[in-house]
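Peer 1: any chance you can model this:
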Amino acid sequence: MLDTTRIPDGFHALTAVAYEGTSVRTQTGVSRNVWIQNTALAATFTAAAGRDECHPRYAPAIRCDPDATNISRIELFGTGGSMGVASNQPSAVFTIPSATLGLGLHPFYAIVTDTAGNRYQTQTDWIRLGPSLKLSISGPPLTLSWPAIPGERYDVLATTNLLSPFQTVASLVASTPHPVVNSNPAQTGELLSRELDSPRPALKLNISGPPLTLSWPAIPGQRYDVLATVNPSASFQTVTSLVASNAVIQWPISATAAAASFYRVSLSP
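Peer 2: Just a heads-up that it's a prediction; the model follows:
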């Protein structure tokens, strides 16, 4: 008989192993996931980012929320043992030390202890740390490429506005280490893989002069809209549209646009 009062409430994996006695090769085992509840204490345990696959440099976070306020200790466990402790607080968000874990699938769970000494072990959450993906655009025709794992499925997402949600435009399984996708120049592309959420590219604007000149790194052949406003709380208006002929665009700010104080550049449809 198992005395469940000697172990934390919550989720556990129990394994029974039988031995025949003549050789270790005759051993056989069976495992069961069980839930124990001897006290009222409970807690939820989720990936704070809302996803279970990510890249190590994003320092993924996990959140633990007990259902009581008299919590004395919340401890995070993962590959290798304890990974963090929060004391005397009703909930906790832990940043996973992903740089020390390495790539692959890792289990995480928390043990919550209240001021009465009751303990609760959360369900195990698995997070996969994947390799970095570097996107490249070449052409014409415009082509998106990235290093890949043969046999792995990748989703390509795109939008015409960086402030709008990205939509899946293609899903493909890599047959080589370097898959490519023809890209519509009217769209800004972003790659999401099962391993990594790749960040959207940013445009760094520079103003120099006199005469006042706005410049930014660009993709040759890509069209860019320049928007301006005198008040950042107001709407930005398009003042010009340019096609890049080299890797840097330099645009002299006209007398009309010079009245504005704030500028924005976006990829044009």
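Peer 1: pLDDT below threshold where in the protein?
Peer 2: Scanning the chain for pLDDT under 70 picks out the ranges 24-26, 48-60, 130-132, 139, 162-164, 176-203, 232, 255-261, 268-269.
Peer 1: the domain parsing of it - what is it?
Peer 2: Domain segmentation of the chain under automatic domain parsing yields 4-129, 136-193, 206-267.
Peer 1: can you put the ones you listed in a markdown table and add mean neighbour count?
Peer 2: (C-beta placed from N, C-alpha, C; glycine too.) Below are these laid out as a markdown table (neighbours: other Cβ atoms under 10 Å):
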| stretch | mean neighbour count |
| --- | --- |
| domain 4-129 | 15 |
| domain 136-193 | 15 |
| domain 206-267 | 14 |
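Peer 1: these two touch, right, residue 96 and residue 127?
Peer 2: Yes - counting by Cβ atoms under 8 Å, residue 96 does reach residue 127; the two are 7.0 Å apart.
Peer 1: which residues does residue 165 contact?
Peer 2: residue 159 (Cβ atoms under 8 Å, 6 or more residues apart in numbering).
Peer 1: can you tell me the SS state at it?
Peer 2: With DSSP: H, G, I helix; E, B strand; the rest coil as the basis, residue 165 sits in coil.
Peer 1: could you find the closest non-adjacent residue to residue 89?
Peer 2: Excluding its sequence neighbours, the residue lying closest to residue 89 (Cβ to Cβ, 6 or more residues apart in numbering) is residue 71, at 6.8 Å.
Peer 1: which residues in the stretch 51-200 of the chain form strands?
Peer 2: Ranges of strands within the stretch 51-200 of the chain are 53-54, 61-66, 71-78, 81-87, 92-95, 104-114, 119-121, 125-129, 136-138, 143-145, 153-159, 167-173, 180-182, 188-193, based on DSSP state E, counting those that start in this stretch.
Peer 1: which strands or helices does the fifth one pack on?
Peer 2: In other words, strand 92-95. strand 61-66, strand 71-78, strand 81-87 (3 or more Cβ pairs under 8 Å, 6 or more residues apart in numbering; DSSP states H and E).
Peer 1: run me through the strand neighbours of that strand, direction for each.
Peer 2: strand 61-66 (antiparallel) (DSSP bridges).
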